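Enquirer: Okay, structure incoming, though there's no sequence with it:
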């Protein structure tokens, strides 16, 4: 990434922060990254263990040979398509720095819409939230951080995801959220909750976008569902009836073109006050309904 001058001599500015960022941004732009400058900054912040403000303030600082080599390796990995969140092991969600791993989906801003809906539905000072397919624990931890009087349980069928979510809770000192292994409701017989939430797999297996962007590196089992992406959503809607308190709510994230189908699923199982909420891009992303009391 550091260019050479005449006779192979390294230019004096080659190891400056600002020069490294320019070269990395150009390389990532050529590779097709949708956010090359942001990616380059995130990776350099990770290597140097600083924030972006520090980069802007000290752009003329030199970078050691070791730091430059490590940075160049990360930029090369990003240029090959690997997600920044997996390269740095971290992604911010709801203002919380969450550790990530290839065992889980990368938390996305659209999912904050689901958290907003859950907080609105949590009208009473205490209750119980169930987060199905918790992954990094993003939904449960965001909710629990805002509702200290509530108890949040996140479940996932992947033990590595449960361990990661538990570690995130401990690191963030969020004591009212816990996590356990369960394939949806499988280990929750007899348990009832005030709110049931999920961001389940909802992508059609034939969707061409599965071969593009970050999703190429994310676990396919957390992305894809049968029946045009509706199989897991249907299962959760049906099974949640037996795990909600009277008057409890279920709230589900889904694909941008699935809101009408999810509303029909909820109404077909007897839920009332069914509605959908748009994400930041103006697409119907979350649908919810109340179990009649």
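Expert: Ah, there it is. Quick caveat, the model's predicted, so the values are computed rather than measured. Numbers count the residues shown, from 1 in each chain.

Enquirer: And the helices in this structure, which stretches?
Expert: With DSSP state H as the criterion, the chain has helices at 17-31, 36-48, 52-57, 65-79, 84-88, 112-121, 138-146, 159-172, 231-240, 259-268.

Enquirer: what's the second one packed up against?
Expert: In other words, helix 36-48. Packing contacts for helix 36-48, counted by 3 or more C-beta pairs under 8 Å, 6 or more residues apart in numbering; DSSP states H and E, involve helix 17-31, helix 52-57, helix 65-79, helix 84-88. (Glycine included, C-beta is placed from N, CA and C.)

Enquirer: Let me have the ones you listed in CSV, adding mean pLDDT, mean neighbour count and distance to residue 192 as columns.
Expert: Below are the helices and strands packed on helix 36-48 laid out as CSV (pLDDT from 0 to 100; neighbours: other C-beta atoms under 10 Å; distance: least, C-beta to C-beta, whole Å):
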stretch, mean pLDDT, mean neighbour count, distance to residue 192
helix 17-31, 95, 18, 48
helix 52-57, 90, 13, 45
helix 65-79, 94, 17, 45
helix 84-88, 94, 21, 34
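
Enquirer: Now render these as a markdown table, adding distance to residue 190.
Expert: Formatted as a markdown table, these follow (distance: least, C-beta to C-beta, whole Å):
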| stretch | distance to residue 190 |
| --- | --- |
| helix 17-31 | 51 |
| helix 52-57 | 48 |
| helix 65-79 | 46 |
| helix 84-88 | 37 |
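
Enquirer: Now do the strands for the stretch 101-250 of the chain: every range, in order, please.
Expert: 128-132, 151-156, 177-181, 193-198, 244-253 (DSSP state E, counting those that start in this stretch).

Enquirer: what angle separates the longest one from strand 193-198?
Expert: Computed with axes from the mean of the first three to the mean of the last three C-alpha atoms, to 10 degrees, the direction of strand 244-253 lies at 20 degrees from that of strand 193-198.

Enquirer: picking that back up, between the strands of the stretch 101-250 of the chain, which one is nearest to residue 223?
Expert: Closest approach to residue 223 among the strands of the stretch 101-250 of the chain is made by strand 244-253 (12.4 Å; C-beta to C-beta).

Enquirer: gap between the closest one and the chain center?
Expert: Strand 244-253 sits 22 Å away from the centroid of its parent chain (C-alpha atoms, centre = their mean, to the nearest Å).

Enquirer: any residues touching it, and which ones?
Expert: Contacts to strand 244-253, defined as C-beta atoms under 8 Å, 6 or more residues apart in numbering, come from residues 110-111, 113-114, 117-118, 121, 128, 192-200, 202, 233, 236-237, 240, 262, 266, 271, 285-293.

Enquirer: Which among the residues you listed count as buried?
Expert: Using 16 or more other C-beta atoms under 10 Å as the burial test, these include 110-111, 113-114, 117-118, 121, 128, 193-200, 202, 233, 236-237, 240, 262, 266, 271, 285-291 as buried.
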